[in-house]
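Enquirer: what shape does this take:
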Amino acid sequence: MVLRVDKEKGYIDLSKRRVSEEDIQACEERYNKSKLVHSIMRHVAETMGIDLEDLYIHVGWPLYRKYGHAFEAFKIVVTDPDTVLNTLTREVKELGPDGQEVTKVVAALSEEVKDALVKNIRRRMTPQPLKIRADIEMKCFQFDGVLHIKDAILES
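Expert: Residues are numbered from 1 along each chain as shown. Below is the predicted model:
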């Protein structure tokens, strides 16, 4: 929370104690989502040799505008990448046959960059399977208790 602004010195006094617990959790969640999105975008930009800012201009920021957060769009990309990524376009200016400048609308991503982005999103955002193990103890004091326990286990 901003307490005061000192314009002469260029300082902003902030307080973490005056922020509610709900706001703290919401900000931390938004920060962690943004950190993951940035990590994915940066990795794709570095591996494909493209400018990170261009990737944000044509992919990241439009996804933020459309889905509220690019993380939400990336969750959809895990299962259905085409519905999210094929809607992204960019405008390219070219000289037409008559020498006039023509604006064309083309896909925002090349197939190689799209494949790298989908692969990276799936690798980083697919939930990992969990193994759950439990020890149970069952007792039955009847004559054929072992059979009753066996039947109970087979029913569940």
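Enquirer: in the one helix or strand Ala73 maps to, which residues are buried?
Expert: Using DSSP states H and E, Ala73 maps to helix 70-79. Neighbour counts using 16 or more other C-beta atoms under 10 Å place 70-74, 77-78 of helix 70-79 among the buried residues. Every C-beta, even on glycine, is put in place using the N, C-alpha and C of the backbone.
Enquirer: cool, and stretch 106-113?
Expert: Using 16+ other C-beta under 10 Å as the test for burial, stretch 106-113 gives 108-109, 113.
Enquirer: which ones among those map onto helices?
Expert: Mapping the buried residues of stretch 106-113 onto helices (DSSP state H) picks out Val113.
Enquirer: next, the angle helix 70-79 makes with the lengthiest helix in the chain.
Expert: Of all segments of type helix in the chain, defined using DSSP H, the longest is helix 21-48. Interaxial angle, helix 21-48 versus helix 70-79 (axes from the mean of the first three to the mean of the last three C-alpha atoms, to 10 degrees): 60 degrees.
Enquirer: circling back to that earlier point, mind exporting the C-alpha coordinates of the helix holding Ala73 to PDB?
Expert: The C-alpha trace of helix 70-79 is given here as PDB (Å, rounded to 0.1, in the frame of the first residue of the first chain):
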ATOM      1  CA  ALA A  70      -1.800 -15.400 -20.300                       C
ATOM      2  CA  PHE A  71      -1.600 -18.200 -17.700                       C
ATOM      3  CA  GLU A  72      -5.300 -18.900 -18.300                       C
ATOM      4  CA  ALA A  73      -4.700 -19.100 -22.100                       C
ATOM      5  CA  PHE A  74      -1.700 -21.300 -21.500                       C
ATOM      6  CA  LYS A  75      -3.800 -23.700 -19.500                       C
ATOM      7  CA  ILE A  76      -6.100 -24.100 -22.500                       C
ATOM      8  CA  VAL A  77      -3.100 -24.500 -24.800                       C
ATOM      9  CA  VAL A  78      -2.100 -27.700 -22.900                       C
ATOM     10  CA  THR A  79      -5.200 -29.500 -24.300                       C
END
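Enquirer: host element of Lys119?
Expert: Following DSSP H and E, one finds Lys119 within helix 111-125.
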